[in-house]
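Student: can you look at this prediction? I've put the sequence above it.
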Amino acid sequence: MKPKANLVAQRLVNLYRQEHVILGGWVALNPIFVNEATDDVLTEMADLPTGKMLVQHIKNLRSGKTPMDSIDRNLLPYGGLMSESAVTTPLDEKQWNELENAINNFAPTQQGLIDLQKLDIIKRFGDEWLNDIKTILSDRPEMAEKWKVVMQTWRAYHLWDMATQIVNQPLTERARAQIQADMPEYETFLPMFADEGKKLLDRLRTFMKETKHPESTED
């Protein structure tokens, strides 16, 4: 069954807002935006927070104004803060060495994330450490590639925590809609947890169906 336009719109806006933690960034997301944003979806999207910016971004992609691997700086989510805050955090040679060692020694596990965040070189970036470091590595491609593993690991455990909370509390129609909107990310990351991740993914899919009320109608 074809998903409702409002659910597709919400899912695309969620992806747009989370670009800074999605592997591949705009290169991965832009084809999804172009392919899935029908006229009905664009209409629904325009009514969502930051949705009008995404609508314009999609129009720019389709017209060729914006390359498929990029985005107009004026249309960056959060005003570009998630992409640019690290430029105010310069590092000296010793700190660069510390950061490189931290990245090279990172273990892609929950404990690895905990240990990484305890390091002084990571703490100095504050709450936005994940994306700030991604930005500061933009001209160091080898380190940037390794940092993607950190970002992927963080996103996987974040989604695991979200999914676990969802299946352990009473579900509402709103929760069902949110599960459906976020399902592409769950399908990407939960299988990383092997059989347990697949079981959790199956539970989300089941709950998504069970909480749908027969008496609900189209808007």
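Tutor: That came through, no problem.

Student: show me where pLDDT drops low in this protein?
Tutor: 1-3, 20-21, 23-24, 78-89, 171-172, 174, 177, 181, 210-219 (pLDDT under 70).

Student: where do the helices sit along it?
Tutor: Under the criterion DSSP state H, the chain contains helices at 5-17, 25-36, 39-45, 51-63, 81-84, 93-104, 110-118, 120-123, 129-136, 141-167, 173-189, 194-210.

Student: mind putting those helices into a markdown table with distance to L75 and mean neighbour count?
Tutor: Every C-beta, even on glycine, is put in place using the N, C-alpha and C of the backbone. Below are the helices of the chain laid out as a markdown table (distance: least, Cβ to Cβ, whole Å; neighbours: other Cβ atoms under 10 Å):
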| stretch | distance to L75 | mean neighbour count |
| --- | --- | --- |
| helix 5-17 | 9 | 20 |
| helix 25-36 | 11 | 16 |
| helix 39-45 | 13 | 18 |
| helix 51-63 | 5 | 18 |
| helix 81-84 | 11 | 17 |
| helix 93-104 | 30 | 14 |
| helix 110-118 | 31 | 14 |
| helix 120-123 | 30 | 15 |
| helix 129-136 | 17 | 21 |
| helix 141-167 | 22 | 16 |
| helix 173-189 | 21 | 17 |
| helix 194-210 | 31 | 14 |
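
Student: of all those helices, which one is nearest N74?
Tutor: helix 51-63 (8.5 Å; Cβ to Cβ).

Student: elements contacting that closest one?
Tutor: Here helix 51-63 touches helix 5-17, helix 25-36, helix 39-45, going by 3 or more Cβ pairs under 8 Å, 6 or more residues apart in numbering; DSSP states H and E.

Student: just the CA coordinates for that helix, please, in CSV.
Tutor: Extracted in CSV, the C-alpha atoms of helix 51-63 (Å, rounded to 0.1, in the frame of the first residue of the first chain):
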residue,chain,number,x,y,z
GLY,A,51,9.8,21.9,5.4
LYS,A,52,9.7,24.9,3.2
MET,A,53,13.5,24.9,3.1
LEU,A,54,13.5,21.3,2.0
VAL,A,55,10.9,22.0,-0.6
GLN,A,56,13.2,24.7,-2.1
HIS,A,57,16.2,22.4,-1.9
ILE,A,58,14.4,19.7,-3.8
LYS,A,59,13.3,22.3,-6.5
ASN,A,60,16.9,23.4,-6.8
LEU,A,61,18.1,19.8,-7.2
ARG,A,62,15.5,19.1,-9.9
SER,A,63,16.2,22.3,-11.8
